[in-house]
Each structure stands twice: as C-alpha cells, then as structure tokens.
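Visitor: Below are the sequence and a predicted model for it; my questions follow.
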Amino acid sequence: MAGFLIRKAQRTIFSAAFASKTLTNGTQTRIAKAVSLPQFKPYTTCKTQKSPFTANILRILSNEIEYAPPHEPFTSFNSFSVQDRPGEKWMTMVGKHGDEKMKIEVTMFDGCVFVPKPGKDSGGEDMALHVSLLVDISKGKGRPEMEFLCSSWPDRLEIHKVYLLNRDKIVTNPYIGPHYKKMKGELQKWLHDYLEERGVNNELCVFLHQYMMNKDRIELIRWLGNVKALMEI
C-alpha cells in the first residue's frame, strides 16, 4: 500500500514539473515549432507544372512556328499599293489609271484544280491553286462603276462576270449582264484588253500567288502562336 502511494506521488510530481516546464518555456517551444515548419513560396509566384503531354505539344508548336519563317508582306506592286488584312483571309490593292480609281479585293487560296504536268514525257498531275478577285473601276461619284469578278490562276487571269454598279441608286432586282463566256469573242477580247491596260493581267496573277503563299504562312504562324499562348496559361 505504501509503495502504491509513493508511485502515485511520483507521477503527480512529474506531471506538475512537466507542465511547469512547458509553460515556462512556451515561447521557445512555439519558436522551435515555427522553425521546423516547411517553408512555402507565396501562391502568386508558383507556376503550374505542365504535364508531359502539354510540354510536348508546346515543343511541337514552337518548332512549327520557327520553321520556314515568312518574309514581310509586300506593300506595293507596280502602280498598286497593297493593304494587308492581318488575321483575315483577304487583302486589298488600290491604284489609279488616269482619272479612274481602282480597287482590287483578293482572297487567299480558295480552291484548286489538277492539271497535267508540263512536258511530253512528264506523267502525273500538278495542283493549280485558285485565288478569287473583285476588280472595281470607278470614274467618280455619281457615275456607274464596272466590277469584274475574276479568277487568278498561277499564270493567267480568267474573267467570269462583268457588273455595272450604281451605288447611288438601289435597284431591287437589277440585270447584271451575261456571263463572260457567253459573250462574243470580240467583246471578250476588248474586256480582257481593258483590264490589261490597267495592270490587271497575268503578271499580277503571278504576284498574287506569291503574295498569298507568304500570307498563308503568316496566318498559320499567327494561329499557332495563339494556340501556344492559350496552352501556356
């Protein structure tokens, strides 16, 4: 019985001493605990780790963007000034011929045909890309305009329609004229020569295809850059 009381007294004394030590050294204990805690960077400075899949996609996009960089778009051709439309699928050319104002609106490649490869011994086919253009020729306010709907092939110009437009007068259902191919040969030649004299010719077609090949690359790189920027967020 005496032994039991002695052990109980010892436990009481030990507990009291431990509590007293903890209270006395409370400040040191809290500091020790604070020092032992892991140190974290502020949330705003942390960057999300990209997954291997995303990192690989970003690498592929970067390689494609850096491959075969385009040159700066031309700003003029012969007597025309060239106005590019970044991010859009067309561009505009403007010029003058005497007292006439000319405006040409040109699409990017919008079609193709397959043609035999040149040369008697050549086999297979080549792909000829197609560009559409609208040629507006105006002689001043209050006068009708002539508008030509044309195709630009790599080496030649093809006329489809010729419109007479009066922008000051709205007609509900105007007569737009016959199709170019249904006109008499002499009239076809006159219209073709009319455009030729104003610089809308086969030489222009060669330029347009070179321009659009470069613009196609520019717009692709712009799109790839936007995709890459979105994935990096």
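Guide: Right, received. Where do you want to start? Numbering: from 1, shown residues only.

Visitor: For the longest strand out of those in the chain, which helices and strands make contact with it?
Guide: What stands out as the longest strand in the chain, according to DSSP state E, is strand 125-138. Applying 3 or more C-beta pairs under 8 Å, 6 or more residues apart in numbering; DSSP states H and E, we find strand 125-138 packed against strand 100-107, strand 111-116, strand 145-152, helix 202-231. No exception for glycine: its C-beta is placed from N, CA and C like everyone else's.

Visitor: what sits up against that strand?
Guide: 97, 100-118, 145-154, 165, 195, 198, 200, 205, 208-209, 212 (C-beta atoms under 8 Å, 6 or more residues apart in numbering).

Visitor: again, 6 Å this time
Guide: 100-107, 109-117, 145-148, 150-154, 200, 208, 212 (C-beta atoms under 6 Å, 6 or more residues apart in numbering).

Visitor: still on that earlier bit, mind checking the helices and strands packed on strand 125-138 for the one nearest to E158?
Guide: When the helices and strands packed on strand 125-138 are compared by C-beta to C-beta, strand 145-152 sits nearest E158, at 4.2 Å.

Visitor: Could you export the closest one as PDB, CA atoms only?
Guide: Extracted C-alpha coordinates of strand 145-152, given in PDB (Å, rounded to 0.1, in the frame of the first residue of the first chain):
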ATOM      1  CA  GLU A 145     -18.700  51.500-111.700                       C
ATOM      2  CA  MET A 146     -17.500  48.500-113.500                       C
ATOM      3  CA  GLU A 147     -16.800  45.400-111.400                       C
ATOM      4  CA  PHE A 148     -15.100  42.400-112.700                       C
ATOM      5  CA  LEU A 149     -15.300  39.000-111.000                       C
ATOM      6  CA  CYS A 150     -12.200  37.100-111.900                       C
ATOM      7  CA  SER A 151     -10.100  34.000-111.100                       C
ATOM      8  CA  SER A 152      -6.400  34.300-110.700                       C
END
